[in-house]
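Q: got a predicted model here, sequence first, then my questions.
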Amino acid sequence: MLEVRELSKSFGGLKAVDQASLDVRQGEIVGLIGPNGAGKTTLFAAIAGFHKPDAGRVTLDGTDITALAPHSICARGMVRTFQITQPFAKISVRENIMVGAYLHTADRALAAHQAEAVAGMVGMAGQLDQMGADLTVAGRKRLELARALATGPRLLLLDEVMAGLNPTEITEIVQVIRDIRDSGITILLIEHVMQAVTSLAERVYVLNQGRMIAEGTPAAIADDPQVVEAYLGHGAAKVLRA
Amino acid sequence: MSRQAVLCAVGLGIAVIYPLLAPNYLINIGMMVFFVAFIGQSWNIAGGFAGQTSFGHVVFFGTGAYTSTILQVTYSWNPWLAWPAAMLAGGIVGWIIAFLSFRAGLRGSYFALITLAFAEVFRILANSVPFTRGGLGMLIKADQRPINFQFKDPIWIYYIALVLCVISLLIAWRLTRNRFGARLVAIRENEDAARALGIDVFAEKVKVLTLSGAMCAAGGTFYAQKYLYIDPSIAFGVDKSVEMLLVSMVGGAGTIFGPLIGSVALTVINEVTRGLASVVPALKNVQPLSLVVYGIMLVLIVARLPDGLMGLFRRKPRHA
């Protein structure tokens, strides 16, 4: 469904993403992990059109979407959320989600109806009239998810939706993400915490210092010495094995 | 909802009956209230709803005033026909300014400053090119017949201002209830998030400034027809830009009734301070006193009431 080929992006002298490739197939939940500063968010932004990649190709369902504007990528069915949540602060949750729903309809009643349905799906049905600014961290993360869902995507790019949540909230949102997948939406998610990914993703990519260093099932990834070293430092794999 | 509808109907009723009972000078004040509310609303649509704060909105006002006046004086157009032409000109100028500034990625205070620069450039041009008659200004020949958009009885110009104001309120009301308006608010609140949710931010911003420019230009023609004289500093002076921005901010930027309430508040202050200055000898040398009060009010509003006077009435957000 989504193919990223040898994508690179530098900021000044820093290679944030260096020839990274990945595939997401229809119906999957794919994880993208890596230590802090590995370039995960930059890769996401480049895929979704927020950064123009220096090199490489992004295709969605066979169409080249490299460096299209974010709004046209969204209209083609791929939408991203933000790690640092970006609620529309001065309008209600309902109106926040309606902005997403308006992508495919100009009808206000229909958009409101869809917003309510999506809110139910992410467990925000009771907060529809709250202001964006008044939400808790968990609420904001859900709102990010809801707004993106309201655009009716086929592929959802989730950037650390679990960061900053407590264990109960994580369990809840993991279930929400599973439900979203079961409703037919493919998901690519960034997580900083490996534990959260292993319970969700079928396949995991590991990014370190801008390079893709491993790909496989969560279990295989956890045993990969390169991955262990990326997280724990050089020589750590040997120590752990001993 | 229906309570608000009743309030609106009562307000409109009072506005319609008012000039039948009031003396001419009060009719004039009422006319100014609605006129300023109208051009304030044109600012509010771009600056309040879409968050594209402009310091140079007078550029549209002046474009409208000069377009209709030139067509009328130099080319003998009927002013009623010159009016839509002026709006078209204002829309085009809005489109061009938006296209240039937003293509260049100007946001926030940079956008505000570029609009100020445009307004100044237009003022200087109007001062120097021949077809505006430069600093002499342009005089519209007095011929007080309705067909000439000139009226003997001030009541008619009052009613035209009222109609303009009501139309602008209806436009703002539509924006709170349609997709275009929802997108503008999303852009104001967070451009990146708006973009991620499929909004063509550039196109929407160009659209709103075109609309706002056309509206403001309509105000320019109205003003020219009321006073029958314009010159570069009247048509493109910075004080009109400030006035539009001020009434919106005082009343409540991004709200339907903000500019109208702001316009009422500022007019009342203006009249009261003028009266006060003529009665209290100590205040006679403070000229004009209203500006002092405006200043204090603006400080208080920014510090205490960021949502303007409308913030005092604001309850929970309305929906569906």
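A: Looks like it arrived, so ask away. Numbering: from 1, shown residues only, chains lettered A, B, ... in the order given.

Q: quick one: name the residues of chain A near chain B.
A: A:48, A:50, A:69-72, A:74-75, A:79-82, A:86-92, A:94-95, A:98-100, A:102-103, A:106, A:108-109, A:111-112, A:128-129, A:131-132, A:147-148, A:150-151 (C-beta under 8 Å from any C-beta of the partner chain). To be clear about C-beta, it is placed using only N, CA and C from the backbone, and glycine gets the same treatment.

Q: for PyMOL, write the select line for the buried members of the residues you listed.
A: Buried residues among the residues of chain A next to chain B (16 or more other C-beta atoms under 10 Å in any protein chain shown), as a PyMOL selection:
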select buried, chain A and resi 48+50+70+71+74+75+79+80+81+82+86+87+88+90+91+92+94+95+98+99+100+102+103+108+111+112+128+131+132+147+148+150+151
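
Q: among the residues of chain A next to chain B, which ones are in strands?
A: A:79, A:80 (DSSP state E).

Q: what about the residues of chain A next to chain B, which are in helices?
A: A:70-72, A:74-75, A:94-95, A:98-100, A:108-109, A:111-112, A:147-148, A:150 (DSSP state H).

Q: which stretches in the stretch 101-250 of chain B count as helices?
A: B:108-128, B:154-175, B:179-189, B:191-196, B:201-227, B:232-235, B:238-251 (DSSP state H, counting those that start in this stretch).

Q: I'd like the distance between the residue nearest to the spatial centre of chain B and chain A.
A: Per C-alpha atoms, centre = their mean, the C-alpha nearest to the average position across chain B is that of residue B:39, at 1.5 Å. Residue B:39 sits 25 Å away from chain A, going by C-beta to the nearest C-beta, to the nearest Å.

Q: so what's the nearest residue to that residue once chain neighbours are set aside up against?
A: Among residues not flanking residue B:39 along the chain, residue B:219 sits closest, at 4.0 Å (C-beta to C-beta, 6 or more residues apart in numbering or on different chains). Listed by C-beta atoms under 8 Å, 6 or more residues apart in numbering or on different chains, the contact partners of residue B:219 are B:35, B:38, B:39, B:42, B:61, B:64, B:164.

Q: now list the buried members of the residues you listed.
A: If we count by 16+ other C-beta under 10 Å, the contacts of residue B:219 have these buried: B:35, B:38, B:39, B:42, B:61, B:64, B:164.

Q: returning to what we had before: so the residue nearest to the centre of chain B is in contact with residue B:240, correct?
A: Yes: contact criterion C-beta atoms under 8 Å: residue B:39 and residue B:240 qualify, at 7.5 Å.

Q: shared neighbours of those two, which are they?
A: Shared contacts of residue B:39 and residue B:240, counting by C-beta under 8 Å, 6+ apart, come down to B:57, B:61.

Q: give me the neighbour count for residue B:57.
A: Using other C-beta atoms under 10 Å in any protein chain shown as the criterion, residue B:57 is surrounded by 32 other residues.

Q: got TSV for the helices of the stretch 101-250 of chain B, with distance to residue A:185 too?
A: Shown next, in TSV, are the helices of the stretch 101-250 of chain B (distance: least, C-beta to C-beta, whole Å):
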stretch	distance to residue A:185
helix B:108-128	35
helix B:154-175	32
helix B:179-189	22
helix B:191-196	16
helix B:201-227	25
helix B:232-235	55
helix B:238-251	42
